[in-house]
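Engineer: sequence isn't available, so here's the structure alone:
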Ligand code: TRP
Ligand code: SF4
């Protein structure tokens, strides 16, 4: 998938230079195009410029999806296969599965002890989802400690740049506070990571609401087939004013147009705009063109993904090598921390 031309991962103008980028994606099911436009597209760009550590964060996924055995394992393999299929390059970056790097957990436990409970109680994602967590049996210690694990993820690689959307800047501030405390207590020099502000366009779901697995309105990062893609695009809600073919419409009120802006050429965009406003095209034509344009970007990754998920493929070797690379960096940090704690 492309779109790097529209991306804009950038450090704040006054910030010191970034040496190492660290980022993760929580494993919570199948990846959808929201993950691409919000996260993966930035990773593709960052891997060209920096030394990067990118993780499939399955322990983070487990904070809410701990009930069904086997689910997390399958999702995680598929997540990595898809990341590779769209062009993340394990020769350039360290691409790893969090649970294959147990060092995260040791550092997590150290950090958990020096994080006051009040810091976590103030985290908006915890505060605002109390009822939801209680209803879903996720009002739990692991879920509460989520930001501490995230701080450990970053600190363990001594990452100094973390790509985040504007809404995540406050979260990163907590990571910085935890690392500052660690450094002060044990006289360490683990970098306090800076936010690399990335542009994260909101991708609407097929029904126009926020794209979310729980709404069942997602378009997968890699749909099974052109047929499943077509079916989903055809199910999208359109401008409610266009009831009959002869009614004129307004593209800016339609999520199909929103998707065209992400996947179509300027010529196709002009065709949609004028065709919709003059009733020169029907919504079926418009969706057909969109399907073609998305399929152009999904076809190749689909084949690569299928190859990687075949038994006997290179996937296990890539996972193993990624874990080894990640662990050797993580062990350096842990050694330093243990030395600072005088607990070797
Ligand atoms: N919390 C992030 C998300 O919801 C995932 C994540 C886990 C992460 N560990 C991280 C992101 C470390 C950046 C750095 O997607
Ligand atoms: Fe939406 Fe396209 Fe129909 Fe206009 S023609 S309402 S943009 S689907």
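Structural biologist: Done, it's in. Quick caveat, the model's predicted, so the values are computed rather than measured. Ligands and ions are numbered 1, 2, ... in the order given.
Engineer: and residue 127, how many neighbours?
Structural biologist: 10 (other CB atoms under 10 Å). C-betas here are computed from N, CA, C, even on glycine.
Engineer: residue 144 too?
Structural biologist: Neighbour count for residue 144, taken as other CB under 10 Å: 17.
Engineer: wait, isn't it in contact with residue 127?
Structural biologist: No - look at residue 144 against residue 127 with CB atoms under 8 Å: they stay out of range, at 10.9 Å.
Engineer: state the distance from residue 47 to ligand 1.
Structural biologist: Separation of residue 47 from ligand 1 (CB to the nearest ligand atom, to the nearest Å): 15 Å.
Engineer: element containing the closest residue to residue 186 other than its chain neighbours?
Structural biologist: Nearest non-adjacent residue to residue 186, counting by CB to CB, 6 or more residues apart in numbering: residue 340, 3.0 Å away. Here residue 340 sits within helix 315-341, counting by DSSP states H and E.
Engineer: thinking again about what came up before, OK, contacts around the residue nearest to residue 186?
Structural biologist: By CB atoms under 8 Å, 6 or more residues apart in numbering, the contact set of residue 340 is 185-188.
Engineer: and those, which are buried?
Structural biologist: In those, burial by neighbour count holds for 186, 188, counting by 16 or more other CB atoms under 10 Å.
Engineer: show me which of the contacts of residue 340 is closest to ligand 1.
Structural biologist: Ligand 1 has its nearest neighbour among those in residue 188, at 19.0 Å by CB to the nearest ligand atom.
Engineer: residue contacts, the closest one?
Structural biologist: Going by CB under 8 Å, 6+ apart, residue 188 touches 182, 336-337, 340.
Engineer: quick one: residue 153 and residue 54 touch, right?
Structural biologist: No - contact between residue 153 and residue 54 fails when scored by CB under 8 Å: they sit 10.8 Å apart.
Engineer: low pLDDT regions in this protein?
Structural biologist: Filtered on pLDDT under 70, the chain yields the residue ranges 1-15.
Engineer: flag every residue of it that's near ligand 2.
Structural biologist: Proximity of the chain to ligand 2 (CB under 6 Å from any ligand atom) is limited to residues 238-239, 242, 249, 251, 254, 256-257, 272, 276, 281, 283, 286-287.
Engineer: whichever residue of the chain sits closest to ligand 1 in helix, strand or coil?
Structural biologist: As assessed by CB to the nearest ligand atom, ligand 1 sits closest to residue 24 within the chain, at 3.2 Å. Recorded secondary structure, residue 24: strand (DSSP: H, G, I helix; E, B strand; the rest coil).
Engineer: how about residue 95, secondary structure?
Structural biologist: With three-state DSSP as the criterion, residue 95 reads strand.
Engineer: from ligand 2, how far out is residue 61?
Structural biologist: 34 Å.
Engineer: could you shift the numbering so residue one becomes 40, and keep it that way?
Structural biologist: Yep, numbering from 40; the last one is residue 100 now.
Engineer: contacts only, for that residue.
Structural biologist: 65-67, 111, 114-115.
Engineer: redo that, cut-off 6 Å
Structural biologist: By CB atoms under 6 Å, 6 or more residues apart in numbering, the contact list for residue 100 reads 65-67, 111.
Engineer: doesn't it belong to a helix?
Structural biologist: Yes - counting by three-state DSSP, residue 100 is found in a helix.
Engineer: now it. Nearest residue, chain neighbours left out?
Structural biologist: That would be residue 66: by CB to CB, 6+ apart, it lies 3.8 Å from residue 100.
Engineer: the helix holding residue 379 close to ligand 1?
Structural biologist: No - using CB under 6 Å from any ligand atom, helix 354-380 stays clear of ligand 1, coming no nearer than 12.7 Å.
Engineer: list the buried residues of that helix.
Structural biologist: Neighbour-count burial for helix 354-380 flags 354, 357-358, 360-362, 364-366, 368-369, 372-373, 376, 379 (criterion: 16+ other CB under 10 Å).
Engineer: next: stretch 102-110.
Structural biologist: The neighbour-count check on stretch 102-110 (16+ other CB under 10 Å) flags 102-104, 110 as buried.
Engineer: of the contacts of residue 379, which belong to helices?
Structural biologist: Using DSSP state H, 224-225 are the members of the contacts of residue 379 that sit in helices.
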